[in-house]
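Asks: sharing a model that was predicted from the sequence below.
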Amino acid sequence: MTVDGCPAGVPINEADIQYQLDRRRPGQSRLVTQRDEADAVEILSGVYDGATTGTALALMVRNGDQNPGAYDHLKDLYRPSHADWTYQAKYGRRDHRGGGRASARETIGRVAAAAVARAVLSAGSDIEVLAWVSQVHDIDTNLDPATVTLDAVEADPTRCPDPASAAQMTDAIEQARRDGDSLGGVVTFVARGVPAGLGEPVFDKIDADLAKAMLSLPATKGFEIGSGFAGTRLTGLAHNDPFEPGPDGSPVQTTNNSGGIQGGMTSGADIIGRVAFKPTATISSEQKTVDTDNNPVTLAAKGRHDPCVLPRAVPMVEAMLALVLADHLLRQRAIERFV
C-alpha cells in the first residue's frame with residue numbers, strides 16, 4: 001500500500017503501525033475468525049532514521065494464512081448478501097477465491113495508513129481518536145463518550161468498555177456461532193481535542209467526508225453524527241447547542257447534539273458519531289441462492305469467518321476517523337500559511 005501526502009519529519013516506525021494492525025488482525029480472540037495471520041508490516045520506503053522523509057510511504061503486509069481452495073465450493077454460485085453477483089454484473093467475471101476488494105482483508109491497508117495519520121495528528125495537534133462497540137444485536141450500552149478510555153476498550157475481547165454489557169455480548173456472539181448464525185451492531189467513535197474550523201463549507205464538509213469514509217468500510221449499513229436520527233424527534237429549541245464564553249476567548253457549546261460539526265466544519269467540541277454494521281454475511285446455516293446458471297441451490301458456507309465483525313471493526317472505524325481528520329488538518333495548515 002502507498003501513503004502519499006505525509007509531511008516530512010513525522011516520527012513513525014514499524015512498531016507504531018504494528019500495534020494498530022494487531023488490533024485488527026484475525027485470531028486475536030475466540031469471538032472472531034481463527035485465521036492465523038500475523039499481519040506483520042514492512043516499511044519499504046518513505047521513512048528514514050525514525051521519521052517520514054516527505055516522499056510517499058510504501059508499506060507491505062504479506063498474506064500468509066491463505067487457502068484459495070477453501071473457496072472452491074463457491075465458484076459457481078452467488079452467496080447471499082455478498083458481492084458475488086454485483087461483481088459479475090459489473091465486470092462480467094469475478095474471482096471467487098477470497099481476499100479481493102470485497103473482503104475485509106483490504107482494511108489492512110486502511111489501518112496501516114491510519115497509523116501514519118495518527119502520527120501526523122500527534123505531531124501537529126492534540127487530537128485523539130477512539131472507538132468502541134456500543135451495541136451487538138439487541139444488547140447496547142449508553143456510555144458518556146467523554147469518559148471512555150482506550151484501556152477500557154481493550155480490556156475485553158468485545159471491545160465494549162462496559163463490563164456488564166460486554167459479558168452479555170460475548171454470550172450472544174458465542175451462541176450465534178453455535179447456531180451457525182451471525183450478529184451485527186454499532187461502533188461509536190469520538191475525536192477529542194479537535195480545533196474549530198476544520199472542514200470545507202460545501203462539497204468537502206467534514207461530516208460528509210466522515211460519512212463516505214465510514215460507509216466505505218465492509219459490512220457498514222448506517223452512519224450518524226451527533227444526535228443522528230434521534231435528533232429528528234426533538235424540537236429546534238431542544239436540539240440547538242447553546243454557546244457560552246470560553247476560557248480562551250472562544251465560545252464553547254454547553255451541549256453537543258451537533259456532534260462537534262456545524263456547517264460542515266468542526267466547532268471545537270468533540271466529534272461524536274456511530275457506524276452500523278450488518279450481521280456477517282457468511283454463515284454456516286443453510287441458505288437459498290442460485291448458481292451461475294440461475295438454478296436454485298442451497299448453500300451452507302464453510303471456512304473461518306467472524307460470527308460478529310464488531311470487535312475487529314473498532315480499529316477500522318478509528319482508522320477512517322484518523323485519515324479524514326489528518327487530511328483536513330493538513331488542508332487547514334496549508335490555508336493558514338497565507339492568513
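Replies: Received it, and whenever you're ready, just let me know what you need.

Asks: tell me which residues touch the residue of the chain most remote from its centre, please.
Replies: What lies farthest from the middle of the chain is Asn295; by Cα atoms, centre = their mean that is 36.8 Å. Counting by Cβ atoms under 8 Å, 6 or more residues apart in numbering, Asn295 touches no other residue. C-beta here means a position set from N, CA and C on the backbone, and glycine is covered the same way.

Asks: where's it relative to Tyr78, distance?
Replies: The gap separating Asn295 from Tyr78 is 11 Å, by Cβ to Cβ, to the nearest Å.

Asks: what's the neighbour count on His82?
Replies: If you count neighbours by other Cβ atoms under 10 Å, His82 ends up with 16.

Asks: just checking, it touches Lys278?
Replies: No: when contacts are counted by Cβ atoms under 8 Å, His82 is not listed as touching Lys278 (11.5 Å).

Asks: how close does the residue lying closest to Ile139 once chain neighbours are set aside sit to Asp140?
Replies: Leaving out its chain neighbours, the residue that sits closest to Ile139 by Cβ to Cβ, 6 or more residues apart in numbering is Gln168, at 4.8 Å. Distance of Gln168 to Asp140, given as Cβ to Cβ: 10 Å.

Asks: now swap in Ala89 and tell me
Replies: With Cβ to Cβ as the criterion, Ala89 and Asp140 are 36 Å apart.

Asks: what about these two, which has more around it?
Replies: Comparing Ala89 with Asp140 by other Cβ under 10 Å, the one with more neighbours is Asp140, at 17 against 10.

Asks: what's opposite that one in the beta bridge?
Replies: Gln135 (DSSP bridges).

Asks: is it true that it touches Ala166?
Replies: No: the criterion here is Cβ under 8 Å, and Asp140 misses it with Ala166 at 11.6 Å.

Asks: same for whatever helix or strand Val317 lives in, what does it pack against?
Replies: Counting by DSSP states H and E, the element that carries Val317 is helix 310-336. With contacts taken as 3 or more Cβ pairs under 8 Å, 6 or more residues apart in numbering; DSSP states H and E, helix 310-336 sits against helix 14-24, helix 107-124, strand 128-136, strand 185-192, helix 206-215, strand 271-277.

Asks: give the buried residues for that helix.
Replies: Residues 310-330, 332 are the ones in helix 310-336 that count as buried (16 or more other Cβ atoms under 10 Å).

Asks: quick check: angle from that helix to strand 271-277?
Replies: Here the directions of helix 310-336 and strand 271-277 differ by 140 degrees (axes from the mean of the first three to the mean of the last three Cα atoms, to 10 degrees).

Asks: tell me where the stretch 151-300 of the chain has helices.
Replies: Here the stretch 151-300 of the chain has its helices, by DSSP state H, counting those that start in this stretch, at 163-178, 206-215, 236-239.

Asks: list just the one of those helices that sits closest to Ser284.
Replies: For Ser284, the closest of the helices of the stretch 151-300 of the chain is helix 163-178, at 8.7 Å, according to Cβ to Cβ.

Asks: kindly export that closest one (C-alpha atoms) in PDB.
Replies: The C-alpha coordinates for helix 163-178 follow below in PDB (Å, rounded to 0.1, in the frame of the first residue of the first chain):
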ATOM      1  CA  PRO A 163     -18.100  -4.900  31.600                       C
ATOM      2  CA  ALA A 164     -21.800  -6.000  32.200                       C
ATOM      3  CA  SER A 165     -22.800  -5.400  28.500                       C
ATOM      4  CA  ALA A 166     -19.600  -7.000  27.300                       C
ATOM      5  CA  ALA A 167     -20.400 -10.200  29.100                       C
ATOM      6  CA  GLN A 168     -23.800 -10.300  27.500                       C
ATOM      7  CA  MET A 169     -22.400  -9.600  24.100                       C
ATOM      8  CA  THR A 170     -19.900 -12.400  24.500                       C
ATOM      9  CA  ASP A 171     -22.600 -14.900  25.300                       C
ATOM     10  CA  ALA A 172     -24.700 -13.700  22.300                       C
ATOM     11  CA  ILE A 173     -21.800 -13.900  19.900                       C
ATOM     12  CA  GLU A 174     -20.800 -17.400  21.000                       C
ATOM     13  CA  GLN A 175     -24.400 -18.600  20.800                       C
ATOM     14  CA  ALA A 176     -24.700 -17.200  17.300                       C
ATOM     15  CA  ARG A 177     -21.600 -19.100  16.300                       C
ATOM     16  CA  ARG A 178     -23.000 -22.300  17.700                       C
END
